[in-house]
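1. One predicted model, sequence on top.
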Number of protein chains: 2
Amino acid sequence: MSKRIAILGYGNWATTIAKVVGENVHKYSEFDTTIAMWVKPKEFNGRRLTDIINEDHENPRFLPNVKLPINVVAFSCLKDAVKNANILIFVTPHQMVEDVCTQIKGHVHEEAVGISLIKGMATKADGSASAISDEIRGHLNIDISVLMGANLAAEVATGGFAEATVGCIHPEHGEMFQRMFDTENFRINVVRDVYTVEMCGALKNIIACAVGFAEGLRFGTNAKAAIIRLGMHEMIKFIETFYPGSDLKTFFESCGLADLIATCEGGRNKRVCEAFVKSDKAMHEVEKEVIANGQSAQGPPTASEIYTILSQVGLEDSFPIFTVVHRICTRQVPASELKNCLKNHTLHQTVQSKEDSSSNSSGVSY
Amino acid sequence: MSKRIAILGYGNWATTIAKVVGENVHKYSEFDTTIAMWVKPKEFNGRRLTDIINEDHENPRFLPNVKLPINVVAFSCLKDAVKNANILIFVTPHQMVEDVCTQIKGHVHEEAVGISLIKGMATKADGSASAISDEIRGHLNIDISVLMGANLAAEVATGGFAEATVGCIHPEHGEMFQRMFDTENFRINVVRDVYTVEMCGALKNIIACAVGFAEGLRFGTNAKAAIIRLGMHEMIKFIETFYPGSDLKTFFESCGLADLIATCEGGRNKRVCEAFVKSDKAMHEVEKEVIANGQSAQGPPTASEIYTILSQVGLEDSFPIFTVVHRICTRQVPASELKNCLKNHTLHQTVQSKEDSSSNSSGVSY
């Protein structure tokens, strides 16, 4: 029996993925060609978004001027969308994960598998944070893979070249997701390092904030390249510390290096943080001024969640960029503190004085 | 006895390094505070450049508006500059290495050590190419370390933050060079992976050409991030193949990731290659139009040299970006071939058809 796919989400990335998967399923008999897409009941120009998607085959609210395949069918009821689905694609805003899981609990096919495309951390009411895949597993008790990469949605939707990384626990699921997503312009590599893939997608937004501060402070290209490099090290160290067993090679996949570079080149986090340096307002106010459409920058809340995790085990000082980004975002320290963070980063080797050096050689400062 | 340092070079990077080292030597009694700097006899505004440097303590031809320490002394004669020098800093254009080495051979202190700051490959008359450090070793039979990193000269010269990597064979030389170069705004890490550090500095320029072509072809951010990621893989694979024993961690140092990012963000190679796509002229003509000051872009010749090395052992197809950049630079293929190179890159995993898939599932194309 062919597998039925449900997409839980309706934003620009969800809609892009509906297009990719909706076209791809025709290539393999293992998939049911009808794709269910859960779309929150919203209005757009006086019509229901579900009706627009089902009648006009486009999502003008979140991905204008892109036609969807006719086999993508929008549902406004979550339970209807997941009914009999064998494969669930989670691609909601990260704040909605808990609510969505709670609603579909008990309605999910017992042999269903899922994949999360959501970048960020899941936070609980008590302030603790966890990987979103763990949040979904905890609610639904199903196998969850992840897909992350350098994937600006509008470019993927219009056929621009992109790569992505699937992280899976079971290789057969990874291969299935590769068939579901891989096209000649959207190339998927599969690795078994699921937490590394997922956490890269969350952590890179903190580094993009640091690059945004650097832009606002008029740092040069050398300094921005250093931030990205040192930031990559902190990503690796964080994942090695909290999700041991990662493979260094995974950081060279699209989910690692490429997504970090793409996010630091443009994107909301960088723009908001650049504006923040030139303002004396709070981050949420700057965010409102810089980002239209009610969207948010994930970097500042992720920095806060990571800071909470680090401070619980006393490791703030071992992750200087993660920590300084959180402190700058909350105006505990001025943005200029970023330069001291770079100069004194833990990754810099200590300069050894020679025994025959004169007395003024003991320190690095000059 | 304190060690005498000679800088062989007078361009913007050489002059920047003269400033850094000229200030740094006062911190350690191991160094003679007088720094010799070889400056080719050139005129600037009717005066000899050596006179300007020695009288006005600046190099307005190559690094205007930056004062040099008075302990940097310019010599127009190479042999005078290296006389009694214990430490030689090679920072000439890569084309001059052979000539400089030939001139100073027999005049170099027998226990002298050197460090190369030159990015590129050394080429011989027969078309063969080698690492510049090997070229220097071959001529002078002295120990050579290298220094590479994300180091736009003007930013380092004006105190902007930067990092660099020293690659050494003997740790005690690495530590000495760290003392010579490390300042609070120019942080040096030392690794023993000398060829990896050096080859990163040459190979990254080929990737910057590919990013330039991508700009000219109006590829998106996802595709450019993919080029940098796939390019990094080719750099790693090339170094593993031709200089075995490299440590993957070295690619996360400033010489690897950071220099690649900085070079792909700006720089001559990218600008020339972007203009090349929009023109039908030969590369050397486009170069003349785009770059003032008679400077050149290292990427196209490096791509040619690397292509020669690869084709000698039949490995062209294993390095698709290196190869396509050379073929595009020489107009053997149109620039649009870059997109096919990305789609079909050897690093992309093959999509496995399921046994139960229908007959139209055998290929990836759709």
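-> Cool, got the structure.
2. How far does the worst-scoring helix or strand of chain A on mean pLDDT sit from its chain's centre?
-> Ranked by mean pLDDT, DSSP states H and E, the weakest helix or strand in chain A is strand A:121-123, scoring a mean of 86. Strand A:121-123 sits 11 Å away from the centroid of its parent chain (CA atoms, centre = their mean, to the nearest Å).
3. just checking, next helix/strand downstream of it?
-> From strand A:121-123 onward toward the C-terminus, using DSSP states H and E, the following helix or strand is strand A:129-131.
4. Heading C-terminal from that following strand, find the next helix or strand.
-> Per DSSP H and E, the first helix or strand lying C-terminal to strand A:129-131 is helix A:132-140.
5. hmm, back to that, can you give the strand pairings for the least confident helix or strand of chain A, parallel or anti for each?
-> The pairing partners recorded for strand A:121-123 under DSSP bridges are strand A:129-131 (antiparallel).
6. any idea of the mean pLDDT for the strand it pairs with?
-> Mean per-residue pLDDT for strand A:129-131: 90.
7. What residues sit buried inside that strand?
-> Under the neighbour-count criterion of 16 or more other CB atoms under 10 Å in any protein chain shown, strand A:129-131 has A:129, A:131 buried. Just so you know, the C-beta spots here come from the backbone N, C-alpha and C atoms, and that holds for glycine as well.
8. just checking, A:I144 is part of a helix?
-> No - looking at A:I144 with DSSP: H, G, I helix; E, B strand; the rest coil, it is strand, so not inside a helix.
9. Give me the neighbour count for the closest residue in space to it that isn't next to it in sequence.
-> Counting by CB to CB, 6 or more residues apart in numbering or on different chains, A:I144 lies nearest to A:S133, which is 4.3 Å off, once chain neighbours are set aside. For A:S133, the count of nearby residues is 26 (other CB atoms under 10 Å in any protein chain shown).
10. Repeat that for the one 3 residues further on.
-> Residues near A:I136, counting by other CB under 10 Å, number 25.
11. For B:F177, see how far away it is.
-> Computed as CB to CB, to the nearest Å, the A:I136 to B:F177 distance reads 51 Å.
12. mind listing the strands for the stretch 101-250 of chain A?
-> Along the stretch 101-250 of chain A, the segments classed as strands by DSSP state E, counting those that start in this stretch run A:113-116, A:121-123, A:129-131, A:143-148, A:162-167, A:186-191.
13. winner for burial among those strands?
-> strand A:162-167 (a mean of 28; mean count of other CB atoms under 10 Å in any protein chain shown).
14. Any part of that strand near chain B?
-> Yes - part of strand A:162-167 sits near chain B under the criterion CB under 8 Å from any CB of the partner chain, namely A:162-163.
15. At the geometric centre of chain A, which residue sits there?
-> For chain A, A:K119 is the residue whose C-alpha lies nearest the centre (CA atoms, centre = their mean; 2.2 Å).
16. how about the nearest residue to that one once chain neighbours are set aside, what does it touch?
-> Once flanking residues are discounted, A:K119 sits nearest to A:G201: 3.8 Å by CB to CB, 6+ apart. Contacts for A:G201 (CB atoms under 8 Å, 6 or more residues apart in numbering or on different chains) come out as A:119-120, A:146, A:148, A:255, A:259.
17. for the lengthiest strand in chain A, packing partners?
-> Across chain A, the longest stretch assigned as strand under DSSP state E is strand A:31-38. When contacts are defined as 3 or more CB pairs under 8 Å, 6 or more residues apart in numbering or on different chains; DSSP states H and E, strand A:31-38 packs onto strand A:3-8, helix A:12-24, strand A:72-75, helix A:78-82.
18. again, only this time at 10 Å
-> Applying 3 or more CB pairs under 10 Å, 6 or more residues apart in numbering or on different chains; DSSP states H and E, one finds that strand A:31-38 contacts strand A:3-8, helix A:12-24, helix A:49-56, strand A:72-75, helix A:78-82, strand A:87-90, helix A:97-104, helix A:171-181.
19. I'd like to know how far A:K105 sits from A:K79.
-> Taking CB to CB, one finds A:K105 at 10 Å from A:K79.
20. returning to what we had before: which of the strands of the stretch 101-250 of chain A has the lowest average pLDDT?
-> Among those, strand A:121-123 carries the lowest mean pLDDT, a mean of 86.
21. now what about it, what contacts it?
-> The contact list for strand A:121-123 (CB atoms under 10 Å, 6 or more residues apart in numbering or on different chains) reads A:94-95, A:97-98, A:101, A:116, A:128-136, A:138, A:198-199, A:201-203, A:298, A:301-302, A:304-306, A:308-309.
22. give me the number of residues near A:S353?
-> For A:S353, the neighbour count with other CB under 10 Å is 18.
23. Am I right that it is in a strand?
-> No - assessed with three-state DSSP, A:S353 is coil; it does not lie in a strand.
24. What pLDDT is listed against it?
-> At A:S353, pLDDT is 77.
25. Surely it and B:M176 touch.
-> No - using CB atoms under 10 Å, A:S353 is not in contact with B:M176; the gap is 11.4 Å.
26. joint contacts of those two?
-> In contact with both A:S353 and B:M176: B:28, B:30, using CB under 10 Å, 6+ apart.
27. In terms of distance to chain B, which of the contacts of A:G201 ranks first?
-> Closest to chain B out of the contacts of A:G201 is A:D259 (7.1 Å), distances taken as CB to the nearest CB.
28. OK, contacts around the closest residue to that closest one other than its chain neighbours?
-> With CB to CB, 6+ apart as the criterion, A:D259 has its nearest non-adjacent residue at 4.6 Å, and that residue is A:A150. By CB under 10 Å, 6+ apart, the contact list for A:A150 reads A:156, A:162-165, A:204, A:254-263, A:265, B:220-226, B:228-229.
29. again, but for A:H170
-> Under the criterion of CB under 10 Å, 6+ apart, the neighbours of A:H170 are A:113, A:143, A:145, A:176, A:192, A:194.
30. I'd like the residues you listed laid out as CSV, including distance to chain B.
-> CSV is the format used below for the contacts of A:H170 (distance: CB to the nearest CB, whole Å):
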residue, distance to chain B
A:V113, 15
A:D143, 18
A:S145, 15
A:M176, 8
A:R192, 12
A:V194, 16
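31. A:T346 and A:E316 touch, don't they?
-> No - taking contacts as CB under 10 Å, A:T346 lies outside contact range of A:E316: 11.4 Å.
32. Of the two, give the one with the bigger neighbour count.
-> Neighbour count, other CB under 10 Å: between A:T346 and A:E316, A:E316 has more, with 18 against 13.
33. separation between that one and chain B?
-> Distance, A:E316 to chain B, using CB to the nearest CB, to the nearest Å: 21 Å.
34. what's near enough to touch the closest residue to A:N12 other than its chain neighbours?
-> Nearest non-adjacent residue to A:N12, counting by CB to CB, 6+ apart: A:A153, 4.2 Å away. A:A153 makes contacts with A:11-17, A:62-63, A:66, A:162, B:222, as judged by CB under 10 Å, 6+ apart.
35. from the helices and strands packed on strand A:31-38, which stretch is densest packed?
-> Comparing these by mean neighbour count (mean count of other CB under 10 Å), strand A:87-90 comes out on top with a mean of 26.
36. what lines up beside that one in the sheet?
-> Short version: by DSSP bridges, strand A:87-90 pairs with strand A:3-8 (parallel), strand A:113-116 (parallel).
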